[in-house]
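Visitor: Please work out how this folds:
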Amino acid sequence: MSLKINKKLFQDRKRTNILSSPEQKFISYLVPKIPDWLSSDGLTAIGFVGSGIVLASFLLGEYVAHAWLLLGILGFFIQWFGDSLDGRIAYYRNKSRKWYGFALDIVMDWVGTVTIGLGYVFYAPGDFKYSGFALVALYGWAMIISQLRYRITDKYTIDAGLLGPTEIRVVICAILLIEVLFYGSINYLVIAICVALFFINWFDTKKLLILGDLKDKEEKLLKEKDEGR
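Guide: Model prediction:
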């Protein structure tokens, strides 16, 4: 039964991230247990609440005690819960709205990313605040790549190779824990993430341009065949 649920829930997208297998099994376990009164839009709202909790953890970490950053780990789990289950619950209940859900998901992902990035900007000292802006910009670049890839290939994927949103959340949660243990380390770790994201986005952009070039050639050949008939 769980295997049938798993296939049904994830037939619309290809996942390549490291945690895809256990993540999909966990989602397949959770989906049937979601109460009927909780809609997919409600789960989207829960995901945004999680982003707000991460923002609050940075504010509390800055103005109360930096141990409050651990609250951000809970926030990321709540964000994952809402963001991962909103579309899946719609598929499970046969109430999916492809383009509505797609548009809402992209907008809320961006709003959530900005919310979390703003939290880090409040927390970071001095010029380290710029790395918070860079992280948001780089994540936005990655989002644009995923949408363009979908437009060119008609196949939707949210992963960059072995890394996806879930892995990014896990990494940031680990960074929050390290920051609590070693105060000030987050500033350098965020810069490291920015550097890694830059190169990932750079290589993904090159692959995207190659796909775009191939698509242009295919369409040109089809057009020439149509004109030759």
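Visitor: and the gap between the residue most central in space within the chain and Lys206?
Guide: Central residue of the chain (C-alpha atoms, centre = their mean): Pro165, 3.6 Å from the mean position. From Pro165 across to Lys206, the span is 22 Å (C-beta to C-beta, to the nearest Å). Glycine gets a C-beta too; all of them are placed from N, C-alpha and C.
Visitor: Just to check, the residue nearest to the centre of the chain is in contact with Gln79?
Guide: No - look at Pro165 against Gln79 with C-beta atoms under 8 Å: they stay out of range, at 9.3 Å.
Visitor: Which strands or helices does the biggest helix by length in the chain pack on?
Guide: Scanning the chain for the helix with the most residues, using DSSP state H, yields helix 185-228. Contacts defined by 3 or more C-beta pairs under 8 Å, 6 or more residues apart in numbering; DSSP states H and E place helix 185-228 against helix 98-123, helix 129-153, helix 165-181.
Visitor: so which of those helices comes closest to Ile200?
Guide: helix 129-153 (7.3 Å; C-beta to C-beta).
Visitor: Could you check the angle that closest one makes with helix 98-123?
Guide: Here helix 129-153 points in a direction 170 degrees away from that of helix 98-123 (axes from the mean of the first three to the mean of the last three C-alpha atoms, to 10 degrees).
Visitor: which residues are contacting helix 129-153?
Guide: Contact with helix 129-153 is made by 106, 109-110, 113-114, 117-118, 120-121, 124, 155-158, 160, 187, 190-191, 193-194, 197-198, 200-201, 204-205, 208, 211-212, 215, as judged by C-beta atoms under 8 Å, 6 or more residues apart in numbering.
Visitor: With that, I have no additional questions.
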